[in-house]
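J.: Pasted the sequence and its predicted model underneath.
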Amino acid sequence: MLEVAVIGAGTSGLVAARHLIHAGLRPTIFEAARTVGGAWTPSSSSNVNGHSTGNHPASKMWNGMSTNLSKYTCRFSDWPWPEDASTFPSVEEMHDYLQSYSDAFLTTSSCNFQLECKVFNVEQLESSSSQIVGQQQDANTNYKVEWTDLNTQTTHSRDFGGVVVATGFFHTPRWPSFLKNRRDCEDDENKKKPQLMHSSEYRNHRLFRGKNVAVIGSSFSALEIAADISRSAARVVNVSPSIPWVLPRWIPTVQPLQSASTDSATVTILPADLSLYQRKQPYPNIPETTSLTPESCRKRHQYLQSLVGHKQRQSPLGEPTNWEEPPFVAISDEYLDLVREGKVEVVHGRLVGVDEDGTLQISDIETTGSDKPQSHCSVLSDIDTVLLGTGYTSQLHDVLSPDILSKLAYDPDDSFSPMTLAWDTLHPSLPNLAFCGMYRGPYMGIMELQARLAAGVMSGSLSLEEEQLQSAMTTSQTIRSSTPRAQFPHFDYPGFMDTLSQLCYLRGDCPKYNRDVGDVVVPTLYQPDEELSQKCQSEIQQEIKHGQDGRRMPKVVLQSILGKWSFDRHIVHLQTGKVERVYGTVNYSKYWERSSTDDDDDDGNADGIFSLDTKDNPVLYREDGLYELSPTQKFEVFREYEYECKNDSLEIYFVEGGKRTYLFLSLKFVPEATSSVHQSLNGDDGYWVKATSDHLCIKDLYSATFRVKLNGLSASEVIIKYRVKGPSKDYEST
């Protein structure tokens, strides 16, 4: 039996070991930490389901973080989530999932765990150097693996028949060169202002209470941390070197109406990945798309703009300006609205230096009338902490020998694609050496297919032609040399999944479902167990049904109306025909400040300062205007309500004296089926959604209709109509 060293017990290491076992091989799993889970290990040292996490060296997650892709994408094909799992799992849920996967498939009888053992060298033995990847290696000693036992600080060495490198793409924090020396020189007695931190060190917003923080970067983590840290920091500035399209986790799309027998369609609110990762052509979508033309870039920008609507354009962040270059996407529920309300400041530019007095130097690129880029420098002062979302390096030169690195054409400074590999997995000159998880993008489905491919080749159950390998190597080289570069090397997720699937399943019978244009691409469909595939398809259909029944519309609508509006209300007294008018401004604000008390401060703070609870605050409606009884009679008025999503309703409460009193309306959104929704959703005019509610106020019945015109995630018009009828009231307000 071929013994294979697996380096890393994170997501990719676990799935690699599981499929090596399935292929009849025996893995030995090396992990520097004391438990499995890798980056998804909670940062706290408390026990997780009986497994002590300790200070996990690979943990990159902060308290309260959740995945930005749903549980349908963040899973392995043969291990379902528990039925009560969150749609977007927390760090703790992800770790529990990986631990249960390990417990189920990686038993002591089938593999060996070497925990708290750090590999520092893998080198190819001469006996294996002439073997090509397409054949099973007969020798059982192809690679020497050396490691340090971190408990005893002793070094060890052993030869293995194969090696799977699963240390992950996001291994070591990447520091700008001009900050690295400053960071290395700091110690507890020589702290300089501002404090320097990498996003991998961020754990909790409470640690930054009252501080001024600059978050550097425009990636997922930078935007999410900027949003989270605003809950406590006095000031948050996001220094953004580029402008991504910012999407929330739930977005409206259009789907055929589940209960209709006709071609009717309706607005459907789905997790972002179920909307974005849909087939553009039938299975198999091969070859995958690996380059973008200016025209294809423009189409992608147009599509993303149609999802966001005008709210990003009207924010200080703005929209990307060069639509002939590949778009970048970041997923954050709160960031864009925090920017629009001024709770997170945006400075466009790149951090280029930090002065001795702590002043940040920001380089901004502008275009003059001669179309030549000109560099301008601005400064950012009075910053207590600089938190860098500047990415990671794979740090493979700490693990692999110089000879192996040379064959891989490894470039440690290339954070986009640091080496040349066939399907990011194999190299023709390195038999029985494979990589799993060296991939940027929606990764669990990809890394599982990479694991199947590697296990198949090492066990001899899969044989690859030299032409296939060389073609894949050429593709890798093309991706590495591409200009401008896309956000991810393999940006065509369905195409890459289909390519790997065709290699792993020679009969071409996986996936069995969701093979047509418009179908969702998820990992579970890429495996031969028909029962699991059917269960997954049923779950997705249920997800679509829930996205159409109105229960998710309140949150989308509430996010869409945030901001300042002008209003004009006409009150028509039906018995007399008299018309009164109220007009002015309305502000819908989610991030309003409320004084903390001993009872409601979840941070345990009772000092009476103001606290922003950006996740749970209701939306405050503040109306200021003039009440016009007649052309000569006007007086100033204001009113406040609180809007809050509860279950599947949008509830509106009266506010008196600055405090919520009692419920006014509980609005229910009713899905509308129409054959024209698709055209409306993707057009410039947007589409209408409607909710209704009745409220008996003492003896007066208020019948309310709440209509919102949406363009993507942005509202362009709101019409609120009341029909009020009672013993002394009979009027309509619109």
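T.: Structure's in. What do you need? Bear in mind the structure is a predicted one, so any value in this text is a computation, not a measurement.
J.: Model confidence for residue 217, exactly?
T.: Note for residue 217: predicted pLDDT of 94.
J.: What lies in contact with whichever strand or helix holds residue 14?
T.: Using DSSP states H and E, residue 14 maps to helix 11-22. Identification of contacts with helix 11-22 by CB atoms under 8 Å, 6 or more residues apart in numbering yields 4, 6-7, 26-27, 29, 31, 36, 38-40, 76, 98, 101-102, 105-106, 110-111, 164, 166, 168, 434, 436-437, 443-444, 447-448, 450-452, 454-455, 458. From N, CA and C alone the C-beta is placed, and that goes for glycine too.
J.: Determine how far it lies from the middle of the whole chain.
T.: 25 Å (CA atoms, centre = their mean, to the nearest Å).
J.: I'd like the average pLDDT over it.
T.: The average pLDDT for helix 11-22 rounds to 97.
J.: now for the longest strand seen in the chain, which elements pack on it?
T.: When the chain is parsed with DSSP state E, its longest strand is strand 633-646. The helices and strands touching strand 633-646, judged by 3 or more CB pairs under 8 Å, 6 or more residues apart in numbering; DSSP states H and E, are helix 553-560, strand 579-589, strand 619-630, strand 649-656, strand 659-669.
J.: Go through it and flag the buried ones.
T.: Residues 640, 641, 642, 643, 644, 645 are the ones in strand 633-646 that count as buried (16 or more other CB atoms under 10 Å).
J.: Which of the residues you listed sits closest to residue 179?
T.: Using CB to CB, residue 645 comes nearest to residue 179 of the buried residues of strand 633-646, at 41.5 Å.
J.: Verify the stated contact: the closest one with residue 553.
T.: No - using CB atoms under 8 Å as the test, residue 645 is too far from residue 553 to be in contact (9.5 Å).
J.: shaky segments in the stretch 451-600 of the chain?
T.: Low-confidence segments of the stretch 451-600 of the chain, defined by pLDDT under 70: 506-509, 593-600.
J.: ok so, going back, the longest strand of the chain pairs with which strands, parallel or anti?
T.: strand 619-630 (antiparallel), strand 649-656 (antiparallel) (DSSP bridges).
J.: now these as TSV including distance to residue 291 and mean pLDDT?
T.: As requested, these are exported to TSV (distance: least, CB to CB, whole Å; pLDDT from 0 to 100):
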stretch	distance to residue 291	mean pLDDT
strand 619-630	44	92
strand 649-656	45	94
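J.: Out of the ones you listed, flag the one nearest residue 267.
T.: strand 649-656 (15.5 Å).
J.: those helices in the stretch 201-350 of the chain, which residues are they?
T.: 220-229, 272-276, 294-308, 335-340 (DSSP state H, counting those that start in this stretch).
J.: Give me the buried stretch members for the third one, please.
T.: For helix 294-308, burial by neighbour count (16+ other CB under 10 Å) applies to 297, 298, 300, 301, 304, 305, 306, 307, 308.
J.: One more: the last one?
T.: For helix 335-340, the neighbour count (16+ other CB under 10 Å) marks 335, 336, 337, 338, 339, 340 as buried.
J.: helices or strands next to that helix in the packing?
T.: Under the contact definition 3+ CB pairs under 8 Å, 6+ apart, helix 335-340 sits against helix 220-229.
J.: what residues does the helix it packs on touch?
T.: Residues outside helix 220-229 that contact it (CB under 8 Å, 6+ apart) are 62, 64-65, 68, 199, 202, 205, 208, 213, 215-216, 236, 238, 240, 244, 246, 330-335, 338, 344, 387, 389, 614.
J.: Doesn't residue 491 lie inside a helix?
T.: No - read with DSSP: H, G, I helix; E, B strand; the rest coil, residue 491 is coil and lies in no helix.
J.: Run a quick neighbour tally on it.
T.: Residues near residue 491, counting by other CB atoms under 10 Å, number 21.
J.: Run through the strands of the stretch 51-200 of the chain in chain order.
T.: Assigned by DSSP state E, counting those that start in this stretch, the stretch 51-200 of the chain shows strands spanning 51-52, 112-115, 117-124, 143-149, 154-160, 162-165, 172-173, 195-198.
J.: quick one: the longest strand of the chain to chain centroid distance?
T.: Distance of strand 633-646 from the chain centroid (CA atoms, centre = their mean) equals 36 Å.
J.: pLDDT at residue 180, what is it?
T.: Predicted confidence (pLDDT) for residue 180: 69.
J.: Where does pLDDT dip in the stretch 51-200 of the chain?
T.: For the stretch 51-200 of the chain, the ranges with pLDDT under 70 are 51-59, 127-140, 180-192.
J.: who does residue 588 bridge with?
T.: residue 563, residue 621.
J.: show me the contacts for it.
T.: By CB under 8 Å, 6+ apart, residue 588 lies in contact with 561, 562, 563, 565, 619, 620, 621, 643.
J.: Please list all residues in contact with residue 647.
T.: Counting by CB under 8 Å, 6+ apart, residue 647 touches residue 551.
J.: Now for the residue nearest to residue 718 when sequence neighbours are not counted, how many residues are close by?
T.: In space, and not counting its chain neighbours, residue 718 is closest to residue 708: 5.3 Å by CB to CB, 6 or more residues apart in numbering. The local packing of residue 708 (other CB under 10 Å) involves 23 other residues.
J.: Who are the contact partners of residue 708?
T.: Residue 708 neighbours (CB under 8 Å, 6+ apart): 557, 560, 561, 688, 689, 690, 715, 717, 718, 719.
J.: Show me which of the residues you listed is closest to residue 581.
T.: For those, the nearest to residue 581 is residue 719 (15.7 Å; CB to CB).
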